[in-house]
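[1] Please find the sequence and the predicted model below.
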Amino acid sequence: MIGFLKPAPHKDEIGEEKKDGEYKRLRFQVFIGIFIGYAGYYLVRKNFTLAMPSLIEEGYSKTELGFALSGVAIAYGLSKFIMGSVSDRSNARYFMSIGLMASAFTMIAMGTMAWATSTVMIMFCLLLVNGWFQGMGWPPSGRVMVHWFSPSERGTKMAIWNVAHNIGGGLVGPLAVLGMAIFADYHAVFYFHGMIAVLIAIFIYLAVRDTPQSQGLPTIEEYHQNYPTAFEYHEAHEKEFSAKQIFFDYVLNNKLLWAIAVANAFVYLVRYGVLDWAPTYLSEVKDFSFAETGWAYALYEWAGIPGTIICGWVSDRYFKAHRSPVLIIFMMITMVCVLVYWLNPAGNPALDIAMLIIIGFFIYGPVMLIGLFALDLVPKKAAGTAAGFTGLFGYVGGAVSANVVIGYAVDMAGWDAGFGLILGACIMSMVLVAFTLKAEQRANAIG
């Protein structure tokens, strides 16, 4: 890595009497930094879906808008993998703040320049650029997590951090309603969210620190005397790996990582198949207003907050840190609720909203568990790449299908076809995760 993006250099350790206080203060500070920071990323990632009903009124088809929206998923999936490798060899403080700042300015441009929404291809290209910058959010957060929190506490901390997805995603709807009220322009879902994201990018820079060693502190493993169990820990793992080492030694030859990555594609198809098309589906089929769809969108995201935390707790408490059984249970309940949401006739909005809340509650747990699983399977210097690998399948496979394939299916055969794809993805995710049950048990037994 070149220039200021290089990992922060290690400093001489501070005195023993200061370590406890500094560790406590900085762990809280960096956690808040990546929590609020990643919530900010969501403000400028999922806002396009709330503009889609207005764009349809202007004459765009669902297939066209699904194609445009796929630009985010394609670029994000690739970026999360490629930039994950760059992030593993970069200073998380700079890397994460630069990514959000660039994403925010892309959205501001999309909302303030008339040509930005004049054709499908222009929208696709801008969303593609935005998606690439979005890939600079999760990997540095993972780097911070594995450097500042030890393996035995990481499940709980990761579950709490993961609700930043839901808080950020949940604020997209209310902020869109507020932006519309202030500016009386649906383009506000781009530039209003972008302006807020700029402020959050500055906050990331002020709060996040790269590693404990860069602050004169010992490694978290040494400090807590707690070491990984899924692989043999060495002091050499504290040195930065080359890209070749990361890819070939710890990622591409990791069979369990491959298994959960493929399953992740189907989990993401369900997640975004419901979420991204909710504003359009509720508007067209269930007669929801713009404000009603905005709040329904928010409730879906916010329901994931307790769902994610409970999912992580259940997997630790009742399944001895085995993630696969919990994944299957949560996906099964999600499938039932998708079925009810689909078959509920118009005129019963309370049930529609209830199903969206329950789906949101249960779908984000599997999303979190797969990301956590990836972090646990590799040394911490390869964490961003491992998470990016599962994200590559999730976004390029699952989210793109949710955008393009579902949009095309609905245009060609109606909403029944779209929901058939979502239900099929629920089933496939459970089947694939079932294949990891024994492998996960063996990995834990070896650890």
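    Cool, the structure landed. None of the values given here were measured: they were computed from a predicted structure.
[2] make it CA atoms for all contacts and neighbour counts henceforth
    OK.
[3] Can you check the pLDDT for Ile2?
    Per-residue confidence (pLDDT) for Ile2: 56.
[4] cool, and Leu392?
    81.
[5] how about it, what does it touch?
    Tyr76, Gly77, Leu78, Lys80, Phe81, Ala261 (CA atoms under 8 Å, 6 or more residues apart in numbering).
[6] can you list those in JSON lines and add neighbour count?
    JSON lines is the format used below for the contacts of Leu392 (neighbours: other CA atoms under 10 Å):
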{"residue": "Tyr76", "neighbour count": "32"}
{"residue": "Gly77", "neighbour count": "29"}
{"residue": "Leu78", "neighbour count": "21"}
{"residue": "Lys80", "neighbour count": "31"}
{"residue": "Phe81", "neighbour count": "25"}
{"residue": "Ala261", "neighbour count": "27"}
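[7] and Arg271, how many residues sit next to it?
    Arg271 has 26 neighbouring residues, counting by other CA atoms under 10 Å.
[8] That one and Ile363 touch, don't they?
    Yes: if you go by CA atoms under 8 Å, Arg271 and Ile363 touch, sitting 6.3 Å apart.
[9] Show me what the strand or helix carrying Val314 is packed up against.
    Element membership for Val314 (DSSP states H and E) is helix 290-317. When contacts are defined as 3 or more CA pairs under 8 Å, 6 or more residues apart in numbering; DSSP states H and E, helix 290-317 packs onto helix 151-162, helix 164-183, helix 278-284, helix 324-343, helix 349-376.
[10] and those, which one's lowest on average pLDDT?
    helix 151-162 (a mean of 78).
[11] and the helix or strand where Gly77 lies, what other elements does it pack with?
    If you go by DSSP H and E, Gly77 is part of helix 62-88. On a contact count with 3+ CA pairs under 8 Å, 6+ apart, helix 62-88 meets helix 48-57, helix 120-134, helix 138-148, helix 383-392, helix 400, helix 406-413.
[12] Could you measure from Met158 over to Met121?
    Distance from Met158 to Met121, counting by CA to CA, to the nearest Å: 37 Å.
[13] Those two: which is more packed in?
    Legend: neighbour count by other CA under 10 Å for Met158 and Met121, higher for Met158 (22 against 16).
[14] just checking, the more buried one touches Leu372?
    Yes: assessed by CA under 8 Å, Met158 is found in contact with Leu372 at 7.0 Å.
[15] Now do the contacts for His224.
    When contacts are counted by CA under 8 Å, 6+ apart, His224 touches Ser150.
[16] Count residues in the vicinity of Asp416, would you?
    Neighbour tally, Asp416, other CA under 10 Å: 12.
[17] For the residue nearest the centre of the chain, which non-adjacent residue is closest in space?
    Taking CA atoms, centre = their mean, the centroid of the chain lies closest to His165, which sits 6.0 Å from it. Spatially, and ignoring its direct neighbours in sequence, His165 is nearest to Ala39 (5.6 Å; CA to CA, 6 or more residues apart in numbering).
[18] And for that neighbour, the neighbour number?
    24.
[19] picking up where we left off before, among the helices and strands packed on helix 290-317, which is nearest Phe248?
    helix 349-376 (15.3 Å; CA to CA).
[20] Pull out the buried residues from that closest one.
    Buried positions in helix 349-376, judged by neighbour count with 16 or more other CA atoms under 10 Å: 349, 352-376.
[21] Likewise for stretch 279-290?
    Buried-residue list, stretch 279-290, by 16+ other CA under 10 Å: Pro279, Thr280, Tyr281, Leu282, Ser283, Lys286, Phe288, Phe290.
[22] can you give me the end-to-end distance of that stretch?
    Terminal-residue distance, stretch 279-290 (CA to CA): 8 Å.
[23] Over to stretch 159-166?
    Stretch 159-166: ends 12 Å apart by CA to CA.
[24] ditto for stretch 82-102
    First residue to last in stretch 82-102 (CA to CA) measures 17 Å.
[25] circling back to that earlier point, just give me the closest of the contacts of Leu392 to Met110.
    The nearest one, if we look at the contacts of Leu392 relative to Met110 and count by CA to CA, is Tyr76, at 17.6 Å.
[26] now that closest one, nearest residue through space, not along the chain?
    Using CA to CA, 6+ apart, the nearest residue to Tyr76 is Gly131, at 4.4 Å.
[27] so is Ser90 in a helix, a strand, or just coil?
    coil (DSSP: H, G, I helix; E, B strand; the rest coil).
[28] I'd like the distance between it and Lys6.
    Ser90 is 5 Å from Lys6, by CA to CA.
[29] Comparing those two, which shows the higher neighbour count?
    For Ser90 versus Lys6, neighbours defined as other CA under 10 Å are more numerous around Ser90 (25 against 17).
[30] hang on, that one packs against Leu5?
    Yes: with contact defined as CA under 8 Å, Ser90 counts as touching Leu5 (5.1 Å).
[31] Quick check: neighbours shared by those two?
    Joint contacts of Ser90 and Leu5 (CA under 8 Å, 6+ apart) do not exist.
[32] sorry, back to before: test my guess that the residue nearest to His165 contacts Trp161.
    No: using CA under 8 Å, Ala39 is not in contact with Trp161, being 9.6 Å away.
[33] Can you list the low-confidence ranges for this structure?
    Within the chain, the ranges that satisfy pLDDT under 70 run 1-2, 152, 155, 226-241, 380, 439-447.
[34] hang on, the earlier thing: how about the contacts made by the residue nearest to His165?
    With the criterion set at CA under 8 Å, 6+ apart, Ala39 makes contact with Ala164, His165, Asn166, Ile167, Gly168, Gly169.
[35] can you tell which of the helices and strands packed on helix 62-88 is closest to Leu257?
    Nearest to Leu257, of all the helices and strands packed on helix 62-88, is helix 383-392, at 7.5 Å by CA to CA.
[36] how far does the helix or strand following that closest one sit from the chain's center?
    Using DSSP H and E, the helix or strand that follows helix 383-392 towards the C-terminus is helix 400. Here helix 400 is found 14 Å from its chain centre; the criterion is CA atoms, centre = their mean, to the nearest Å.
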